[in-house]
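Novice: turn this into a model:
(chains A and B)
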Amino acid sequence: MIRVIAGRSLESLVVLLLMSLVIYALIGLMPGDPIDLMVQGDPRLTPADAARLKALYGLDRPLLERYGNWLLAALGGEFGYSRLHNQPALAVILPRLGNTCWLMGASFLLSLAIALPIGVWSALRARTGADYAVNLAALAGISLPTFWLALMLITLFAVQLQWLPAGGLQTIGVESVADRARHLVLPVVCLAVTHAGAYTRFMRAAMVEVLRLDFVRAARAKGLSETRVLFAHALPNALAPTVTVVALSFGALFSGALVTETMFAQLGMGKLVYDSIMGNDYNVALVALLLATALTLAANLAADVLYAWLDPRVTFAGRTP
Amino acid sequence: MSGRLAAAFGGHRLALVSAALLVSITLAVAAAPLLAAILGVDPDEVNLLARFQGPSLAHPLGTDELGRDVALRLLYGGRVSLAVGLAAAVLAAAFGTAVGLVAGYRGGLVDAALMRLTDGVIALPLLPLLIVLAAIDPAKLPGLGWLVAGEDASLYRIVAIVVLVGWTTIARLVRGAALSLRGRDYVLAAESYGASALRIMVVHILPGVTTPIIVATTLAVGNVILFESVLSFLGLGIQPPTPSWGNMLTNAQELIYDAPALVIWPGAAIFLTVIACNFLGDGLQDALDPRARRD
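Specialist: Below you'll find the predicted structure:
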């Protein structure tokens, strides 16, 4: 098992390395380069100065050479400076990571708390009106544009009813947990609603699948109470595939966090990715994107490991039969 | 008993309603230029004296912050959103099908390489990647200069971007099916007659995988419309003055106080279209593939 995990981790690292090259190349394709921005900001710079600066910073070198230099520096913990913040890129990113963890963690738990019970409940009533109603609601959640839901929530709860703040991390000058929590309510609900639908459908499908199997019939036949059949026999088996799909949807959750943070002015990773790309802050954009990719790969790895642990029949050799 | 009765119709009736809804939306947006000509209204015409008007006979849904007719802009925006959704979903399906067929039929190293690539793309956080792709300057890429030119540039661009990342689901589905079909007797028979690999993939294997392709493409149309709307909303997708459902909402956050109706309509249009696509996909799956029934 440990060897398998090590192997899969290595595979993920290789993917991450390849992705770092892809992302590096893509960022290089964004309009302009750092020296162009300096020239725009300082009209006294002559084209000769610009060329000299480009040579000094190695910007006139071929892509692979620049990437190699960047990678060597990055492995030494040196990720460059942020153009917009005048700080090392990592110093900009790390505090944002914490904020994003709060938002994603809370909405992840909330969406599971909604989705798992409803999914099971709906599976027990498969092909009845209640089941179709749940399916309708779940598909509605999936089909809602996150940014539009955010606008609607702001209109209703912040503008009309004035119950909750429309955005920001906290009220300026107020330093309390309750205040931070109040600012998190709308973003968390917004992100949770758009993900609970998919999770509900996963849970329902897995539970329906399991309830059809012989061991459930056997458990009922030997006279176990329905509660025991459901919670001790069926549910654990249905949870295994659900957990996997849910962990695999981490990338989608991060995409949702990007939109939610932008809409509610939460200073998190998602908003940072968006702002740094829009503001040509190459170093920050690069590291933030890589970090998001690394987190997604880690979640996928965790999904694989968790699945094997929950279901001993799974062997990694058969991952792509 | 009434619960059972509702259930018997439930799934498919909703799919039928969705199909009808999608057909009506398509017809309505197709007729947009006709309506514009009949009413004598130009969707791009700015009239600063008629900003934020309420619903009236001349403007059924009122006017926006530049005095343009909201109803007509919704229809024109729908043309763009639907066209992008359909084009990107179909192209991505074609690309994914090609990858899946080659991987599944060829097997071996080709299969391993293509599937690792697919896994890699699936593992990426999509929206950040789409934003980078939307922000890059095609002029820096050799041979792509034509993408920057012309007023439809942002349209082609967003289709290309979505295709680049959207082909993976179908590639996996098709590969799985191709893998199970390539050992069938009729495929072996064709091989022994000396049919070329291309012919076997297209004529003998492709027909066996059409059902999952149709279902996945239907679901993808809804997803693409969602991605287009969020990119356009963030200012990276369809560029104004061309209206799309996404970029009609770009100024919505500031307008929320003055004109909440402007915020509601485009979002509702996106929501209705996407949910109809999702229901239709679900219904098609039930109807075409009895083994995957929701029961």
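Novice: which element is the residue of the stretch 51-200 of chain B found nearest chain A on?
Specialist: Using Cβ to the nearest Cβ, B:Leu127 is the residue of the stretch 51-200 of chain B that sits closest to chain A, at 3.4 Å. Just so you know, the C-beta spots here come from the backbone N, C-alpha and C atoms, and that holds for glycine as well. B:Leu127 is located in helix B:126-135, with elements delineated by DSSP states H and E.
Novice: pLDDT of that helix, averaged?
Specialist: For helix B:126-135, mean pLDDT is 85.
Novice: which SS class is A:Tyr274?
Specialist: Judged by DSSP: H, G, I helix; E, B strand; the rest coil, the three-state class of A:Tyr274 is helix.
Novice: for the helix or strand hosting A:Ser20, packing partners?
Specialist: Taking DSSP H and E as the definition, one finds A:Ser20 inside helix A:2-28. Applying 3 or more Cβ pairs under 8 Å, 6 or more residues apart in numbering or on different chains; DSSP states H and E, we find helix A:2-28 packed against helix A:63-75, helix A:282-310, helix B:108-122, helix B:126-135.
Novice: need those in CSV (columns: distance to B:Gly281 and mean neighbour count).
Specialist: Putting these into CSV (distance: least, Cβ to Cβ, whole Å; neighbours: other Cβ atoms under 10 Å in any protein chain shown) gives the following:
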stretch, distance to B:Gly281, mean neighbour count
helix A:63-75, 41, 13
helix A:282-310, 24, 21
helix B:108-122, 19, 16
helix B:126-135, 19, 22
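Novice: go through the ones you listed and name the closest to A:Val174.
Specialist: Ranking the helices and strands packed on helix A:2-28 by distance to A:Val174, with Cβ to Cβ as the measure, places helix A:282-310 first at 28.4 Å.
Novice: can you give me the mean pLDDT across the closest one?
Specialist: 85.
Novice: for residue 183, give me the pLDDT.
Specialist: Just going to use chain A. pLDDT at A:His183 comes out at 87.
Novice: let me rephrase: I mean chain B.
Specialist: Confidence at B:Gly183, expressed as pLDDT, is 84.
Novice: same check, this time on the one 10 residues further on
Specialist: Looking at B:Tyr193, its pLDDT reads 88.
Novice: what's the burial count for it?
Specialist: Residue crowding around B:Tyr193 was assessed by other Cβ atoms under 10 Å in any protein chain shown; the count is 8.
Novice: can you check A:Ala113 too?
Specialist: A:Ala113, neighbours per other Cβ under 10 Å, totals 12.
Novice: ok, back up a step: now the helices and strands packed on helix A:2-28 as a markdown table including distance to A:Leu109?
Specialist: Converted to a markdown table, these look like this (distance: least, Cβ to Cβ, whole Å):
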| stretch | distance to A:Leu109 |
| --- | --- |
| helix A:63-75 | 33 |
| helix A:282-310 | 15 |
| helix B:108-122 | 25 |
| helix B:126-135 | 22 |
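Novice: between these, which one is nearest to B:Glu45?
Specialist: Comparing the helices and strands packed on helix A:2-28 by Cβ to Cβ, helix B:126-135 comes nearest, at 28.6 Å.
Novice: just checking, what packs against the top helix by length along chain B?
Specialist: As assigned by DSSP state H, the longest helix anywhere in chain B is helix B:70-106. On a contact count with 3+ Cβ pairs under 8 Å, 6+ apart, helix B:70-106 meets helix B:2-30, helix B:32-39, helix B:108-122, helix B:153-166, helix B:168-181, helix B:210-233, helix B:260-288.
Novice: please repeat the previous calculation with a cut-off of 10 Å.
Specialist: helix B:2-30, helix B:32-39, helix B:108-122, helix B:153-166, helix B:168-181, helix B:197-199, helix B:210-233, helix B:260-288 (3 or more Cβ pairs under 10 Å, 6 or more residues apart in numbering or on different chains; DSSP states H and E).
Novice: turn those into TSV, including distance to chain A.
Specialist: Shown next, in TSV, are these (distance: least, Cβ to the nearest Cβ, whole Å):
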stretch	distance to chain A
helix B:2-30	4
helix B:32-39	22
helix B:108-122	5
helix B:153-166	11
helix B:168-181	8
helix B:197-199	21
helix B:210-233	5
helix B:260-288	4
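Novice: which stretch in those is the model least sure about?
Specialist: helix B:2-30 has the lowest average pLDDT among those, namely a mean of 75.
Novice: hmm, A:Leu289 and A:Ala89 touching each other?
Specialist: No: contact status for A:Ala89 versus A:Leu289: not in contact, 11.5 Å apart, counting by Cβ atoms under 10 Å.
Novice: what's the overlap in contacts for those two?
Specialist: Residues touching both A:Ala89 and A:Leu289 (Cβ atoms under 10 Å, 6 or more residues apart in numbering or on different chains): A:Ser276.
Novice: from the stretch 151-300 of chain A, which residue is nearest to chain B?
Specialist: In the stretch 151-300 of chain A, the residue found nearest to chain B is A:Ser255; the distance is 3.4 Å by Cβ to the nearest Cβ.
Novice: that older thread, out of the helices and strands packed on helix B:70-106, nearest to A:Val305?
Specialist: helix B:108-122 (15.7 Å).
Novice: hey, C-alpha coordinates of the closest one in CSV?
Specialist: Output of helix B:108-122 as CSV, limited to C-alpha atoms (Å, rounded to 0.1, in the frame of the first residue of the first chain):
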residue,chain,number,x,y,z
GLY,B,108,-0.6,0.1,-25.7
LEU,B,109,1.8,3.0,-25.5
VAL,B,110,-0.5,5.3,-27.5
ASP,B,111,-3.3,4.6,-25.1
ALA,B,112,-1.2,5.1,-22.0
ALA,B,113,0.2,8.4,-23.3
LEU,B,114,-3.2,9.8,-24.4
MET,B,115,-4.9,8.8,-21.2
ARG,B,116,-2.2,10.3,-18.9
LEU,B,117,-2.7,13.5,-20.9
THR,B,118,-6.4,13.3,-20.3
ASP,B,119,-5.9,12.6,-16.6
GLY,B,120,-3.6,15.6,-16.5
VAL,B,121,-6.1,18.0,-18.1
ILE,B,122,-8.9,16.6,-15.9
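Novice: sounds good, over and out.
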